[in-house]
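Participant: coordinates only, sequence not included:
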């Protein structure tokens, strides 16, 4: 709308100009080289405008002729670039589809049509990798290093190729160079960090972690920094204890639930005489992650304390996390040291039904220290061998007796406190489970003797009568078995004088082996959807006699009840008409 208004305004201004010149006529006279040309002002203005247009056209023609070689060259270059672009597109699609032959062919065509193009270099490198040409791939990646916009891509490719040939020196060199170019690059920073951790260079690892801080989540950064500070504090433990204490206290601030950091901080603060602060650090970590290392550090909070004082301290620590097995184990250990055996047994009582190895081993120590009962000790040690595992420091399927900052595969903070192999879903059978129920006792009754359960018959050479197997059912089950709602009727048999249980004999139990079972008619089951005859349903075909129906029912649906509501049978005279209706139904 605005453009239409502007167009109309411009048209009005032009029309106004023409009207203004028309209302003020005049003459224009030009004298040049003895010639005199006279004309009106309007014609002169039109002539000047036409002259300007002609000059512009002539200039455009001359300029086009002058620049025609450049335009032709530009046209061919553009055409060549488009063909190269199409070749690169075909090559990348072929790489994604796994077509090695087409990928290599497209890479050669792109290199011929678009040399030096970044996508062409990428296509050449990936096609060489796909075909197994490692030398060609490295050549392409080295070519990328010459271009500023593909330098990081080339370093990434060379880093991967160095990893494939297990060249650790080249891996470190390419990762460090990439980290210098782009400090926030995740893969480069992680590679440098892993290398520093593998060399136990914790100071360098902290520097590398700070470089990649912007690429990490805040919680992840704090956790990794706390782990590195703890590792550095452990490395300085035997040398500079002040620096070790400062590093581990910073680690506790970053990750209060990190067990190794809290345990080491508690010991360092206790050595410095700051037991109050050490206790706060240990209790805070215990609330988050109860762990035996924390319990040991808290037990040694005040060197020189008596065993009873340590027991009291352990009981107060266990009260912070009621119901946790680590607290019970800590109390039981302290009670054993204080020779408070009743307290130790009371602490472990709720875990004796299905004890773990540590619980069973500790019970064996209690038995040996208190009573010296070797039988009980062997019993508990045997249960310990069959008991379920306890949590340990594990990573990559490797179990360590102490925490380590780096796992065997080189992962920082890889060790976790858990039951070994629990991450792959392994389970252990329940210890001390209730045994399976024994089969119910069966009494063999000789059918030839009226009273004689358990009375052997004399071998007189006569034909032996079949023995009857009687299922002895407890009285509680006998009452339910004799209820009127039972499907099969039961009969109570009087036991012998020496019998104390009331046997209940079912018909199947008292039947001799050679007598076949009679057909039992089960209770009919109500249909979920009631079956209702349609108004024009002819019902049962009257041409089939009752004998055929009985044979069919006895073979396929024996025991099914008949319909409680009898249906009206169609008279035999209309049987033929009913059959005709069924044919056309």
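Facilitator: Nice, thanks for sending it over. Not measured: the values here are computed from a predicted model.
Participant: least trustworthy helix or strand in this protein by mean pLDDT?
Facilitator: strand 491-492 (a mean of 38; mean pLDDT, DSSP states H and E).
Participant: Show me the strands in the stretch 301-450 of the chain, by range?
Facilitator: Ranges of strands in the stretch 301-450 of the chain, per DSSP state E, counting those that start in this stretch, are 392-395, 398-400, 416-418, 442-446.
Participant: Show me what counts as buried in the first one.
Facilitator: Applying a neighbour-count criterion of 16 or more other Cβ atoms under 10 Å, the buried positions in strand 392-395 are 393, 394, 395. From N, CA and C alone the C-beta is placed, and that goes for glycine too.
Participant: average pLDDT for it?
Facilitator: Summarised as a single mean, pLDDT over strand 392-395 is 92.
Participant: and if you look at the second one?
Facilitator: Strand 398-400 shows an average pLDDT of 90 in the prediction.
Participant: cool, and stretch 217-228?
Facilitator: Rounded mean pLDDT across stretch 217-228 is 94.
Participant: Could I get the buried residue list for it?
Facilitator: For stretch 217-228, by 16+ other Cβ under 10 Å, it's 221, 223, 224, 225, 226, 227, 228.
Participant: got it, and stretch 171-189?
Facilitator: Quick answer for stretch 171-189 (16+ other Cβ under 10 Å): 171-172, 174-179, 183, 185, 187-189.
Participant: and if you look at stretch 361-375?
Facilitator: 361, 362, 363, 364, 365, 366, 367.
Participant: Going by the annotation, which residue ranges form each domain of the chain?
Facilitator: Following the assignment in automatic domain parsing, the chain carries domains at 304-387, 391-432.
Participant: measure the first one end to end?
Facilitator: Using Cα to Cα, to the nearest Å, the gap from the first to the last residue of domain 304-387 comes to 36 Å.
Participant: and if you look at stretch 283-300?
Facilitator: Using Cα to Cα, first and last residues of stretch 283-300 are 13 Å apart.
Participant: Can you tell me which helices and strands the longest helix along the chain packs against?
Facilitator: As assigned by DSSP state H, the longest helix anywhere in the chain is helix 41-97. Where contact means 3 or more Cβ pairs under 8 Å, 6 or more residues apart in numbering; DSSP states H and E, helix 41-97 is packed against helix 2-23, strand 27-32, helix 100-113, helix 118-131.
Participant: mind redoing it with 6 Å?
Facilitator: helix 100-113, helix 118-131 (3 or more Cβ pairs under 6 Å, 6 or more residues apart in numbering; DSSP states H and E).
Participant: could you dump those helices to TSV with mean pLDDT and distance to residue 271?
Facilitator: What follows is the helices and strands packed on helix 41-97, written out as TSV (pLDDT from 0 to 100; distance: least, Cβ to Cβ, whole Å):
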stretch	mean pLDDT	distance to residue 271
helix 100-113	90	65
helix 118-131	89	56
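Participant: sorry, back to before: could you tell me which of the buried residues of stretch 217-228 belong to helices?
Facilitator: Going by DSSP H, the helices hold 221, 223, 224, 225, 226, 227, 228 from these.
Participant: Need the nearest residue in space to the first one, chain neighbours excluded.
Facilitator: Okay, so that is residue 221. Nearest non-adjacent residue to residue 221, counting by Cβ to Cβ, 6 or more residues apart in numbering: residue 213, 5.6 Å away.
Participant: could you measure residue 86 against residue 342, distance?
Facilitator: According to Cβ to Cβ, to the nearest Å, residue 86 and residue 342 sit 87 Å apart.
Participant: who has more neighbours, these two?
Facilitator: residue 86 (14 against 9; other Cβ atoms under 10 Å).
Participant: Quick one: residues contacting the more buried one.
Facilitator: For residue 86, no residue meets the contact criterion (Cβ atoms under 6 Å, 6 or more residues apart in numbering).
Participant: hang on, residue 253 in a helix?
Facilitator: Yes: applying DSSP: H, G, I helix; E, B strand; the rest coil, one finds residue 253 inside a helix.
Participant: Can you get me a residue count around it?
Facilitator: 14.
Participant: ditto for residue 4
Facilitator: For residue 4, using other Cβ under 10 Å, the count is 8.
Participant: ok, it to residue 11 distance?
Facilitator: Counting by Cβ to Cβ, the gap from residue 4 to residue 11 is 11 Å.
Participant: still on that earlier bit, and which of the ones in helices among the buried residues of stretch 217-228 is nearest residue 71?
Facilitator: Closest to residue 71 out of these is residue 221 (57.0 Å), distances taken as Cβ to Cβ.
Participant: coming back round to it: how far off strand 27-32 does the longest helix of the chain point, in degrees?
Facilitator: 80 degrees (axes from the mean of the first three to the mean of the last three Cα atoms, to 10 degrees).
Participant: Could you check the angle helix 41-97 makes with helix 118-131?
Facilitator: 10 degrees.
Participant: Helices of the stretch 251-400 of the chain, residue ranges please.
Facilitator: All helices of the stretch 251-400 of the chain, identified by DSSP state H, counting those that start in this stretch, fall at 259-271, 275-288, 292-299, 307-318, 325-337, 341-348, 357-370, 374-386.
Participant: Can you tell me what sits against the first one?
Facilitator: If you take Cβ under 6 Å, 6+ apart as the criterion, helix 259-271 is touched by 230, 233, 245, 248-249, 251-252, 277-278, 281-282, 285, 289, 291, 293-294, 297, 301, 403.
Participant: Check the average confidence over it, would you?
Facilitator: 93.
Participant: Distance from it to the middle of the chain?
Facilitator: Relative to its parent chain, helix 259-271 has a centroid offset of 34 Å by Cα atoms, centre = their mean, to the nearest Å.
Participant: list the buried ones in that helix?
Facilitator: For helix 259-271, by 16+ other Cβ under 10 Å, it's 259, 260, 261, 262, 263, 264, 265, 266, 267, 268, 269, 270.
Participant: do the fifth one as well
Facilitator: Of all the residues in helix 325-337, those buried under the rule 16+ other Cβ under 10 Å are 325-337.
Participant: tally of neighbours for the residue nearest to residue 221?
Facilitator: For residue 213, using other Cβ under 10 Å, the count is 14.
Participant: Look up how far residue 46 lies from it.
Facilitator: 74 Å.
Participant: In which helix or strand does the residue lying closest to residue 128 once chain neighbours are set aside reside?
Facilitator: Leaving out its chain neighbours, the residue that sits closest to residue 128 by Cβ to Cβ, 6+ apart is residue 136, at 3.6 Å. If you go by DSSP states H and E, residue 136 is part of helix 134-144.
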